[in-house]
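Trainee: Provided below for reference: sequence and predicted model.
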Amino acid sequence: MSIATRGTASNYLQRAPSPSGLADVLDVILDKGIVIDAFVRISVIGIELITIDARIVIASVDTYLRFAEAVNRLDLMESGGVGLEDLRGDSDGSSKRKARGAVEGVKEKLTGDADDDKDKAKESQKSRS
Amino acid sequence: MSSESVEAPPIAQTYVYGVVAREAALELPVAGVADAPVRTLPEGGVAALVSPLPAERFRVRRRDLTNHLRVLEEVFAAATVVPCAFGMVVPSEQSVREFLQPRQAELRALLERLDGHVQLNVRASYDEDVVLREIVANDPSIAQLRERTRTQGNAGYFDRIRLGELIAAELARLRERDADELLQRLSEHAADIAVDEPSDGPVLKASFLVARDRLEAFDAELEQVANTHAPRLRIDSLGPLPPTAFAALEGAGWGS
């Protein structure tokens, strides 16, 4: 645990001792570990199918257009835009994050039950931000 | 009557969290899946961590997922554990014994291999804007195509697809190169590595099995990698975790 509390020289390395979001929890315990087969697992089969689904990313026209759009909206230095130094502050709002949030949103939807509605709302809000 | 109620009712199923050495001294967590108390079920040289599960159709809640992990984490704080994947349910405690009995030697060997080690999950992702800038700056043909599509509007549909295609290919190349570098640098401090399937997302997503006395070195290397690649790369390190990604049995499992 001491590893998590040590200070870091940059914001580019984030340490956490234990997963906090549901997607990270699933990442650690789903399909990882020994399997006692020949007996049906409790009904998480739905979760597994969809998480696998969400991992499959097809290089499609949509993907290409998204990249083109992303690179076109960049304010490059040549056009008097910001330099790399200015970017350091806003790495949290990058589109990479948004993309990741969308995938995790799928996982979260699956496991949210009636008794977890509050949590679910909180999670999906987080992944949209 | 009272002796009946001490044992789990025969109708209940058994949920399995993982396996420890029989002699492991544990403080067992109170609440597991379905908020049931966790206990050990010894068989020969090993013991399974189990809790009763209602026989009726059980609906998984968020809390059950976190409780499964918490049980493993609490046990892991005191002993070496071979984790089970989430969702292992068998009809009875007898079934657990039948699973453990023929696999004692293999499980003991696995416990020995995992002893003194922890798992760290590392995820490295690009700051997309920074890397896109890098790609435009390093490839004149991409920069030209970008200039053209910026002024073409909808007329440049196919140019935009071409531009996106070139960027996707360059991104894939950079990802592979950076993933290789990270793996190579970190593998020097790890006993084992489990790389997750590469996808469109992170540059690298992998679990590292690290000896406790190498944790500092591993972390220092991570920090160095992060500093070298800032601001284009962001690294998340999760752990120390119980070694879920490094627990696998030779035989497929039950009845094989």
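Mentor: That came through fine.
Trainee: Smallest distance to chain A belongs to which residue of the stretch 151-256 of chain B?
Mentor: Nearest residue of the stretch 151-256 of chain B to chain A (Cβ to the nearest Cβ) works out as residue B:164 at 2.8 Å. (Glycine included, C-beta is placed from N, CA and C.)
Trainee: in whichever strand or helix holds residue A:65, what's buried?
Mentor: Element membership of residue A:65, judged by DSSP states H and E, is helix A:61-73. Within helix A:61-73, the residues scored as buried using 16 or more other Cβ atoms under 10 Å in any protein chain shown are A:63, A:64, A:65, A:66, A:67, A:68, A:71, A:72.
Trainee: could you pick out which of these are near chain B?
Mentor: A:63, A:64, A:65, A:66, A:67, A:68, A:71, A:72 (Cβ under 8 Å from any Cβ of the partner chain).
Trainee: between the residues you listed, which is nearest chain B?
Mentor: Ranked by distance to chain B (Cβ to the nearest Cβ), those are led by residue A:64 at 2.8 Å.
Trainee: got a list of what that closest one touches?
Mentor: Going by Cβ atoms under 8 Å, 6 or more residues apart in numbering or on different chains, residue A:64 touches B:160, B:161, B:162, B:163, B:164, B:165, B:167, B:168.
Trainee: and with 6 Å instead?
Mentor: By Cβ atoms under 6 Å, 6 or more residues apart in numbering or on different chains, the contact list for residue A:64 reads B:161, B:164, B:165.
Trainee: For burial, what's the neighbour tally of the closest residue to it other than its chain neighbours?
Mentor: Closest residue to residue A:64 apart from its sequence neighbours, by Cβ to Cβ, 6 or more residues apart in numbering or on different chains: residue B:164 at 2.8 Å. Residue B:164: 26 surrounding residues under other Cβ atoms under 10 Å in any protein chain shown.
Trainee: again with the one 3 residues further on
Mentor: Using other Cβ under 10 Å, the number of residues around residue B:167 comes to 25.
Trainee: Quick check: residues of the stretch 1-150 of chain B near chain A?
Mentor: Proximity of the stretch 1-150 of chain B to chain A, by Cβ under 6 Å from any Cβ of the partner chain, involves residues B:58, B:60-62, B:65-66, B:68-69, B:83-90, B:99, B:125, B:127-130, B:132, B:146, B:150.
Trainee: Go through the residues you listed and flag which are in strands.
Mentor: In this view, those that belong to strands under DSSP state E are B:83, B:89, B:90, B:125.
Trainee: Low-confidence ranges, the chain, go.
Mentor: Assuming you mean chain A. Of all residues in chain A, those with pLDDT under 70 make up the ranges A:1-10, A:37-60, A:76-129.
Trainee: nope, chain B
Mentor: B:1-11, B:57, B:198-200, B:251-256.
Trainee: quick one on the thing from earlier: export the contacts of residue A:64 as CSV, with columns for secondary structure.
Mentor: Listed next are those as CSV, based on DSSP: H, G, I helix; E, B strand; the rest coil:
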residue, secondary structure
B:161, helix
B:164, helix
B:165, helix
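Trainee: Just list whatever residues bridge to the nearest residue to residue B:246 once chain neighbours are set aside.
Mentor: The shortest distance from residue B:246 to any non-neighbouring residue, by Cβ to Cβ, 6+ apart, is to residue B:209 (4.9 Å). Residue B:209 has these beta-bridge partners by DSSP bridges: residue B:119, residue B:192.
Trainee: doesn't residue B:247 make contact with residue B:209?
Mentor: No. With contacts counted by Cβ atoms under 6 Å, residue B:209 stays clear of residue B:247, the gap being 10.3 Å.
Trainee: Look at the two and report which has more neighbours.
Mentor: Neighbours were counted for residue B:209 and for residue B:247 using other Cβ under 10 Å; residue B:247 has more, 24 against 18.
Trainee: Would you mind measuring from that one to residue B:91?
Mentor: 23 Å (Cβ to Cβ, to the nearest Å).
Trainee: Show me the helices in the stretch 51-200 of chain B, by range?
Mentor: Applying DSSP state H, counting those that start in this stretch to the stretch 51-200 of chain B gives helices spanning B:62-76, B:93-100, B:104-114, B:128-138, B:140-152, B:157-187.
Trainee: Sweet, I'm off.
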